[in-house]
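Peer 1: coords please:
(4 chains)
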2 protein chains.
Amino acid sequence: MPDGTQKKPSRIQQRNRHLILDAALDVFSAHGYRGATLDQIAEAAGLSKPNILYYFSGKEEIHVTLLSQLMETWLDPLVEMDADGDPMTELLGYVNRKLDMARDLPRQSRLFAGEILQGAPRMHPHLMADLKPLFDEKCSVIQGWVDAGKLAPVDPGHLIFSIWSTTQHYADFDAQVRVLSSGDTMDGARKHLNTLFERLLAP
Amino acid sequence: MPDGTQKKPSRIQQRNRHLILDAALDVFSAHGYRGATLDQIAEAAGLSKPNILYYFSGKEEIHVTLLSQLMETWLDPLVEMDADGDPMTELLGYVNRKLDMARDLPRQSRLFAGEILQGAPRMHPHLMADLKPLFDEKCSVIQGWVDAGKLAPVDPGHLIFSIWSTTQHYADFDAQVRVLSSGDTMDGARKHLNTLFERLLAP
DNA sequence: TCACTTTTTGACCAATTGGTAAAGACACGA
DNA sequence: TCGTGTCTTTACCAATTGGTCAAAAAGTGA
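Peer 2: Residues are numbered from 1 along each chain as shown, chains lettered A, B, ... in the order given. Model prediction:
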């Protein structure tokens, strides 16, 4: 088995681990943890099942690896929100970055949503360790902006929830959105959400 | 087996079908379709597995029954939105009714979310047949309000998406919300969402 | 080329899962 | 009380699933 403690993963190891994780993202995001099978992942990756288990110790390790990687990507746009910038610009920028992610990384969004939906059994520690402190910090920043009169009074926590829910909706509920709307969904969504949060936040 | 074509389901049939559906709602909403097992449902219902299959022809029929029942409940608050009422009152009323549902029926919300998240494999027909016409109708109503100058210009479809996403977020992402907030979440949510939509929609 | 390591595979489990068959327990009107 | 239809259980499948193992194949450096 590939020794995790060694420094240099071979070219082949890098390629195959990447193939597996990408295939697993497809399968897990489409069917959920329990609904995904190693056979499906193996076929999507173009490898045999035992070969997959040569690179990962089991189904759960693949899932956890995916979730860990996801956490970084997920927090990134929020990290970028700058306490010293213009409040409205920063917040609308955050909204638009989240909307970009819903458009460009829908599989990741659905993987995350599925995990939370089922009570975050595998992600709870990550939420506590990584998300919570960042969330609290950014809430303080927003509260500071409100106190300085640069934003209309708003509950920072619920504001962030609103940004998350409205943007991720277009990835997570895509099947529903597609039934109900025709054509240029994302353009309309962007315009609508910018208006929504601008009107909410203008002092 | 209980003949579905007959008029009178016995007292026992009613009770047991109800027991099964309630247990299944627990299990399906917590683990998703594939993640739920008949044994779990049977145990939660306090019946044996073959006994469950005496009342339902299989796992899928239980799920579909649940989804069909859910559709009615789910559309109800939107049906109630009255074209002849005061636009702002009607829309805020809708927001608050959806928030009530997120608070009182989180299992149903999660069952629905899980189904959509996985591409609505079993619900797509229902969405087309029931949800779509209602959605279109209410979009027209809202557009009428906008045209009459009673609301700020807004895209009706995306407005409805925003209402759905922000309210259901508190049920579907409950695990995350609970990590991040303390105590009186629902009260704060209600105040925040009323402000948000009032500010968006005030002409 | 050869020895040695890394990668891949085919054959195989044990456990779980959705589902069945048939016998038994129960309810209830005559 | 009996007989008939409703309900429940015991015992069982066949298929799927996550995972193992030893051996074969493919690289790799000298």
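
Peer 1: check which helix or strand covers the nearest residue to A:Gly119 once chain neighbours are set aside.
Peer 2: Closest residue to A:Gly119 apart from its sequence neighbours, by C-beta to C-beta, 6 or more residues apart in numbering or on different chains: B:Ala175 at 4.8 Å. Heads up, the C-betas are built off the backbone N, CA and C, glycines and all. Using DSSP states H and E, B:Ala175 sits in helix B:174-180.

Peer 1: And chain A, what are its domain boundaries?
Peer 2: Listed domain ranges for chain A are A:11-57, A:66-201 (source: automatic domain parsing).

Peer 1: So for the helix holding B:Ala175, mean pLDDT?
Peer 2: Helix B:174-180 shows a mean pLDDT of 97.

Peer 1: Would you mind putting the CA coordinates of it into CSV?
Peer 2: Extracted in CSV, the C-alpha atoms of helix B:174-180 (Å, rounded to 0.1, in the frame of the first residue of the first chain):
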residue,chain,number,x,y,z
ASP,B,174,-30.3,22.6,11.0
ALA,B,175,-27.1,20.7,12.0
GLN,B,176,-25.0,23.7,10.8
VAL,B,177,-27.3,26.3,12.2
ARG,B,178,-27.1,24.6,15.6
VAL,B,179,-23.3,24.6,15.5
LEU,B,180,-23.1,28.3,14.7
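
Peer 1: follow-up on the earlier one: who wins for proximity to DNA strand D among the domains of chain A?
Peer 2: Closest of the domains of chain A to DNA strand D is domain A:11-57, at 3.5 Å (criterion: C-beta to the nearest atom of the strand).

Peer 1: could you dump the domains of chain A to CSV with mean neighbour count and distance to DNA strand C?
Peer 2: Below are the domains of chain A laid out as CSV (neighbours: other C-beta atoms under 10 Å in any protein chain shown; distance: least, C-beta to the nearest atom of the strand, whole Å):
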stretch, mean neighbour count, distance to DNA strand C
domain A:11-57, 17, 3
domain A:66-201, 18, 15
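
Peer 1: Show me the longest helix that occurs in chain A.
Peer 2: Using DSSP state H to define each element, chain A has its longest helix at helix A:11-35.

Peer 1: what angle separates that helix from helix B:11-35?
Peer 2: On the basis of axes from the mean of the first three to the mean of the last three C-alpha atoms, to 10 degrees, helix A:11-35 is oriented at 170 degrees to helix B:11-35.

Peer 1: Check whether A:Arg17 really touches A:Tyr54, as I assumed.
Peer 2: No - look at A:Arg17 against A:Tyr54 with C-beta atoms under 8 Å: they stay out of range, at 10.4 Å.

Peer 1: Determine if any part of stretch A:45-65 is in contact with chain B.
Peer 2: No - if you take C-beta under 8 Å from any C-beta of the partner chain as the test, stretch A:45-65 misses chain B, and the best it gets is 12.7 Å.

Peer 1: now that stretch, how far from the chain's geometric center?
Peer 2: Centre-to-centre, stretch A:45-65 and its host chain are 22 Å apart (C-alpha atoms, centre = their mean, to the nearest Å).

Peer 1: what's next to it, contact-wise?
Peer 2: A:1-2, A:13, A:16-17, A:19-24, A:28, A:33, A:36, A:38-39, A:41-42, A:122 (C-beta atoms under 8 Å, 6 or more residues apart in numbering or on different chains).

Peer 1: and if we set it to 7 Å?
Peer 2: Identification of contacts with stretch A:45-65 by C-beta atoms under 7 Å, 6 or more residues apart in numbering or on different chains yields A:1-2, A:16-17, A:19-21, A:23-24, A:28, A:33, A:38-39, A:41-42, A:122.

Peer 1: Dump the C-alpha coordinates for it into PDB.
Peer 2: What follows is stretch A:45-65 as a C-alpha-only set of coordinates in PDB (Å, rounded to 0.1, in the frame of the first residue of the first chain):
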ATOM      1  CA  ALA A  45     -12.600   6.400 -12.100                       C
ATOM      2  CA  GLY A  46     -11.800   3.700 -14.600                       C
ATOM      3  CA  LEU A  47     -10.100   1.500 -12.000                       C
ATOM      4  CA  SER A  48     -10.900  -1.800 -10.400                       C
ATOM      5  CA  LYS A  49     -12.400  -1.900  -6.900                       C
ATOM      6  CA  PRO A  50      -9.400  -3.500  -5.200                       C
ATOM      7  CA  ASN A  51      -7.200  -0.900  -6.900                       C
ATOM      8  CA  ILE A  52      -9.300   1.800  -5.300                       C
ATOM      9  CA  LEU A  53      -8.800   0.200  -1.900                       C
ATOM     10  CA  TYR A  54      -5.100   0.200  -2.600                       C
ATOM     11  CA  TYR A  55      -5.100   4.000  -2.500                       C
ATOM     12  CA  PHE A  56      -7.700   4.500   0.200                       C
ATOM     13  CA  SER A  57      -8.300   2.400   3.200                       C
ATOM     14  CA  GLY A  58     -12.100   2.400   2.600                       C
ATOM     15  CA  LYS A  59     -15.200   4.100   1.500                       C
ATOM     16  CA  GLU A  60     -15.300   6.400   4.500                       C
ATOM     17  CA  GLU A  61     -11.800   7.600   4.000                       C
ATOM     18  CA  ILE A  62     -12.600   8.700   0.500                       C
ATOM     19  CA  HIS A  63     -15.600  10.600   1.800                       C
ATOM     20  CA  VAL A  64     -13.700  12.200   4.600                       C
ATOM     21  CA  THR A  65     -10.900  13.200   2.300                       C
END
